[in-house]
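K.L.:
Would you be able to build a 3D model of this:
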Amino acid sequence: MTSWTLRRADVEDAASLETCIDAAYSIYATKGIELPAVSDGLVEDIQHNIVWVAVIKRQVVGCLVLIAREDHAVLANVAVDPAATGLGLGRALLEQAEREVRTFGLGKLTLTTHADIPENVRLYEYLGWTETERRGSKVFMEKVL
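P.N.:
Numbers count the residues shown, from 1 in each chain. Okay, the predicted model is just below:
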């Protein structure tokens with residue numbers, strides 16, 4: 001089994017994070033699903049938000065971006081490089097997000113995913129998230145902790 005670790009990201013991780021996120025979302029591009037530029041602004045995210053990385057042998061293979069709000073946190077991004085799927089990284093990153101939210105004394109996480117990626121909606125529902133709204137191609141979800 002491949003060993004991995006989670007740690008807070010630092011600015012030096014930005015290029016590796018971009019590579020990881022682009023690889024993770026490339027599978028959707030090949031399906032013709034149009035997504036926003038999900039890897040833009042990573043330096044700013046690291047400096048101003050909560051960013052964790054999953055690392056295998058000093059290589060970033062997963063990440064989580066949280067934005068703390070007054071009464072909840074937004075899961076802005078969670079991504080795992082396709083080369084590292086099946087190792088439990090996605091679940092570990094989501095569990096880390098929940099720990100972070102609890103640390104801040106917040107009771108809820110929210111996210112937005114894409115209607116054309118129903119497997120993501122199903123996964124989040126399986127993990128205790130609830131769909132709250134659909135608007136165009138966006139699916140809004142929340143998890144009360």
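
K.L.:
how far is the top strand by length along the chain from where the chain is centred?
P.N.:
The strand that spans the most residues within the chain, counting by DSSP state E, is strand 59-68. Strand 59-68 has its C-alpha centroid displaced from the chain centroid by 6 Å (CA atoms, centre = their mean, to the nearest Å).

K.L.:
try stretch 98-107
P.N.:
When C-alpha coordinates are averaged (CA atoms, centre = their mean), stretch 98-107 and its chain have centres 16 Å apart.

K.L.:
Tell me the buried residues in it?
P.N.:
Along stretch 98-107, these residues count as buried under the neighbour rule (16 or more other CB atoms under 10 Å): E98, E100, V101, L106. In this view, the C-beta of every residue, glycine as well, is placed from N, C-alpha and C.

K.L.:
again with stretch 78-88
P.N.:
Of the residues in stretch 78-88, those with enough neighbours to count as buried (16+ other CB under 10 Å) are V78, A79, V80, D81, A84, L87.

K.L.:
The helix or strand that the first one is a member of packs against which elements?
P.N.:
When secondary structure is defined using DSSP states H and E, the element that contains V78 is strand 73-80. Counting contacts by 3 or more CB pairs under 8 Å, 6 or more residues apart in numbering; DSSP states H and E, the secondary-structure elements packed against strand 73-80 are helix 14-29, strand 59-68, helix 89-103, strand 108-114.

K.L.:
what's the most buried one of these?
P.N.:
Most buried of those by mean neighbour count (mean count of other CB atoms under 10 Å) is strand 59-68; its value is a mean of 22.

K.L.:
for the record, mean pLDDT for stretch 82-99?
P.N.:
Per-residue pLDDT values across stretch 82-99 average out to 93.

K.L.:
and if you look at stretch 104-119?
P.N.:
The average pLDDT within stretch 104-119 is 92.

K.L.:
Would you tell me what the next helix or strand after the helix or strand bottoming out on mean pLDDT in the chain is?
P.N.:
Taking all helices and strands of the chain together, the one with the lowest average confidence (mean pLDDT, DSSP states H and E) is helix 14-29, at a mean of 89. Reading on from helix 14-29 to the C-terminus, the next helix or strand found by DSSP H and E is helix 42-48.
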